[in-house]
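Novice: Below is the sequence, then the predicted model.
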Amino acid sequence: MTAAIIVFPGSNRERDMRLALEASFGRAPVMVWHRETALPDVDLIVVPGGFSYGDYLRSGAMAAHSPIMREVKARAEAGVHVLGVCNGFQVLCETGLLPGALMRNASLKFICRDVHLRVERADTAFTGGYQKGDVMRVPVAHHDGNYFADTATLDRLEGEGQVAVRYCAPDGAITDAANPNGSQRSIAGVYNDRFNVLGMMPHPEDATHALLGGLGGKPLFDGMAGALKELKGAAA
Amino acid sequence: MDGISPDIVAEHGLTSEEYDKILEILGRAPNLTELGVFSVMWSEHCSYKSSKKWLKTLPTTGPQVICGPGENAGIVDIGDGLAVVFKMESHNHPSFIEPYQGAATGVGGILRDVFTMGARPVANMNALRFGSPDHPKTRHLVSGVVAGIGGYGNCVGVPTVGGECNFHSSYDGNILVNAMTVGIAEKDRIFYSAATGAGNPVVYVGSKTGRDGIHGATMASAEFNEDSEEKRPTVQVGDPFTEKLLIEACLELMATDAIVAIQDMGAAGLTSSSFEMASKGGVGVELDLDRVPAREENMTAYEFLLSESQERMLMVLRPGAEDTARAIFDKWELDFAVVGHLTDTGRMVIKMNGDVAADLPIDPLALASPEYDRPWTPSPKLAEVTSDSVPAPDDPLAALETLMGSPDLCSRRWIWEQYDHLVMGDTVQRPGGDAGVIRVQRPNGEVTNKGLAITTDVTPRYCFADPEEGAKQAVVEAWRNLTAVGALPLAITDNMNFGNPERPQIMGQFVGAVAGIRAACDALNFPVVSGNVSLYNETAGEAILPTPAIGAVGLLERFDGSVGIALPGDGYALVLVGETRGHLGQSLYLREIAGREEGAPPPVDLAVEKRTGDFIRHAIADKLIAACHDLSDGGLLVALAEMALAGDTGAVLEDVNGKIAQHAWLFGEDQGRYLVAVRDAGALVSAAQAAGIPAQKIGETGGKELILQGSSLALDALRSAHEGWFPGYMAAG
């Protein structure tokens, strides 16, 4: 499998993502500069964390209009898997690939700490490395991670099973205390309605080594590698 | 040109003697632009005129040193073709006036000092001092400074892996914000600032120049008064996004052979960068200000030369390399302009609108830069405080709870959770321990097995009580903190924050502190490779505590060999390594529990420090130690409490204080000590004794409380005291 990482001016977790993908996929991802208009043939497109364009207008807003994002959108609509993490999640929301928006944290402060996430379903191409209900420990590092959508949208997301991961206590309980940023219904990540696009605020890529943040995010990458390989095999 | 009146000279912070020297060098009166150049080049901030004489006495060499003080940052060899590049620098006055931007641009400036040399910045640290928590401005300053450091560092994507923070009323009107950056460079691709090759193009890159920060260096060289608020326009505004692009563009260009010399535009901007580059390379320089990218209209030559607009660099390129360089900066959407060229005239000639705006000889100006031997008086030695003169607490564990919830000992989580300490994915030891530890990556992002440990330390109350002993302590505490994570200490950067050097007692503090640093660095083979001096930290005649902040870097051959402070679980023995005498003078127990700030600080025995630290480091490498913490503020019981909270594991302490009074045993701040958790106490104790180092088992780990002579303190209660103060204080505003 091959992955591509989109690099914007101001991206800063593309290396973290590259290392995590390389470890699980067994090969280095292709780094694609935002001004490109075409993507190579890849199985996964990742929009990484950072401060694209300084997040000066609104997090992710300017990156969403980058030349490459038209191509990312087209690929996503054609069924290619897309993962957006942190700023990448914000970008995917701004492009309309994912529902909702990320607002300023309820504390109004930047937050960098480990959180626990409950895996809401394990039957997607992203979560095959977990069981439903598993709790993973991964860090967040953001200023604008407060997930917002109108009630109808939230109800629809819940109804369609599009909530990917929620902030939870270490035992999996969904509590206000475990919600670091005020996200509605403790939502930390969501799928699109075809389940080939996942956006999440926490950083699984920074939890893929026992001594460097632990292994909480490792099954996500291993699971993706397995699922995408299978999909590729089925298509071939 | 209008005449230069004595008032104008004084407004530029120059003395009449210095002005006479200018007349002598030029053989004529300077115009206003030239006077401005002299004023910044000869400011305390840029010229080190009060401190130079003493800084020269510091040890700056060693087999590990590639580049000592004098360049943008210090450089130390870490093997395998790699070098670590680091420096700490103050941004005190701007941060007091405008805390967010002052602190943010402090981070930006120190990052540029490091990547200017060809290094990819991989970690940030800081050392912060605020006024008393009761002072009406403190909360606002803490909030702004922390947000500013985070706002900048988080956006550029360099992890802030630790730091320190104290409160003391001497900083009420003059906070300290010292920022440190550590970078990694390929040893054979280091870039320096000496410009060479007459005719070579001089190139300006980065942000456009505006009117911000004019005279920042001069401001940083004067005392504060009630009008300091009016100096707000001299504070610069940071743009971390542009800095991130500048890092990437510069590193991309540095992979080619286009650059001859490069220097960031920091204090005194275009003036100081072009001047220093030409001076170091023994060449002249001609600049055309009409070509400098400007953000505002109708700027004068004076404004162009003295602006401290951020995120700008000056480079000398090889002839013909302009197109290569321009293409890279175009890709990163940064300004790029050829603004002049080098000459063989030995002069700095500035042109604007076809006229010569300034024409100054470089060497005479640099050589004539003032150097003062300011009068100084040694600080009086203070009497020892004996433990029998200090009341024992009714309940030591209650005293511990109070200490752990006091402003200087409580958890700094409120601060460091606002810093992205994980970006880059290399963070091994997070903030909250003795030192931050990162895995070393090559500048191209490739991972290695090496680790770097980084710390910042100083105990200002010790330095005030005895500048020499206090500065020594700052160096050894930094050295211990690196040792405690298993790293081999390599070198330091010193950030000397003091009051007005024109007062002999302040100058005496500075002289004493330099002597202490010198002694400690010599004894520990721990040279000073970079540094910064910040003087005139006074408001209305009240000086800060002398604060020689030490930033230090150590090497782990394997990053997986580091240990942290967290107790690893039940069933470990606790061994105290080093000698305890029960020194309570200047201790936090004395201040927070007995309400007294007095006495001599704990003495430092450098030979003992070295022996003890070397023993600990080897024991960590030999896997004998599962957790380690250096003993400092608050002494033994505080160290144990911090280890217990970090590992969520309790402990039972044995009654082994012998002849030493219990409160002195538990809270004394004797130096040269470590508390370690081990599987086999006997083995460690006998190994220590064989090496001539006192060591004794003092307890065992287990449970969820600390137990001392039958009384106990639950970790949950301790945690809420420890974690509660900072957020509670900040929310109360």
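Specialist: In hand now; what should we look at? Values in this document were obtained by computation on a predicted structure and should not be read as measured data.
Novice: So what's the predicted local confidence for A:G54?
Specialist: On the pLDDT scale, A:G54 is placed at 88.
Novice: can you tell me which helix or strand the spatially closest residue to it that is not a sequence neighbour belongs to?
Specialist: Of all residues not flanking A:G54 in the chain, B:F241 sits nearest, at 2.9 Å (CB to CB, 6 or more residues apart in numbering or on different chains). Where C-beta positions appear, they are placed from N, C-alpha and C, glycine not excepted. B:F241 is located in helix B:240-254, with elements delineated by DSSP states H and E.
Novice: Helix or strand next in line after that helix, which one?
Specialist: Following helix B:240-254 in sequence, per DSSP H and E, is strand B:259-264.
Novice: Which residues are in contact with the residue in the stretch 551-700 of chain B that chain A sits nearest to?
Specialist: Nearest to chain A, among the residues of the stretch 551-700 of chain B, is B:D560, at 5.5 Å (CB to the nearest CB). The contact partners of B:D560, by CB atoms under 8 Å, 6 or more residues apart in numbering or on different chains, come to A:211, B:428, B:449, B:451.
Novice: can I assume it sits in a helix?
Specialist: Yes - assessed with DSSP: H, G, I helix; E, B strand; the rest coil, B:D560 lies in a helix.
Novice: Surely the residue nearest to A:G54 and A:F8 touch.
Specialist: No - counting by CB atoms under 8 Å, B:F241 does not reach A:F8; the two are 10.6 Å apart.
Novice: now the helix holding B:F241 and strand B:259-264, what's the angle there?
Specialist: Angle of helix B:240-254 versus strand B:259-264, following axes from the mean of the first three to the mean of the last three CA atoms, to 10 degrees, is 160 degrees.
Novice: Tell me, how many residues neighbour the residue nearest to B:E654 when sequence neighbours are not counted?
Specialist: Spatial nearest neighbour of B:E654, chain neighbours left out: B:G699 (5.2 Å); criterion: CB to CB, 6+ apart. The number of residues packed near B:G699 is 23, by other CB atoms under 10 Å in any protein chain shown.
Novice: What helix or strand is B:G699 located in?
Specialist: Assigned by DSSP H and E, B:G699 falls in strand B:695-701.
Novice: cool, B:G554 as well?
Specialist: Assigned by DSSP H and E, B:G554 falls in strand B:547-556.
Novice: Name the residues of the stretch 351-500 of chain B found near chain A, please.
Specialist: B:416-428, B:439, B:441, B:445, B:447 (CB under 8 Å from any CB of the partner chain).
Novice: Can you mark which positions in the longest helix along chain A are buried?
Specialist: When chain A is parsed with DSSP state H, its longest helix is helix A:218-235. By neighbour count on 16 or more other CB atoms under 10 Å in any protein chain shown, the buried set for helix A:218-235 is A:218-228, A:231.
Novice: what do B:F241 and A:F8 both touch?
Specialist: A:Y53.
Novice: For those two, indicate the residue with more neighbours.
Specialist: Taking neighbours as other CB under 10 Å, B:F241 and A:F8 compare with A:F8 leading, 25 against 21.
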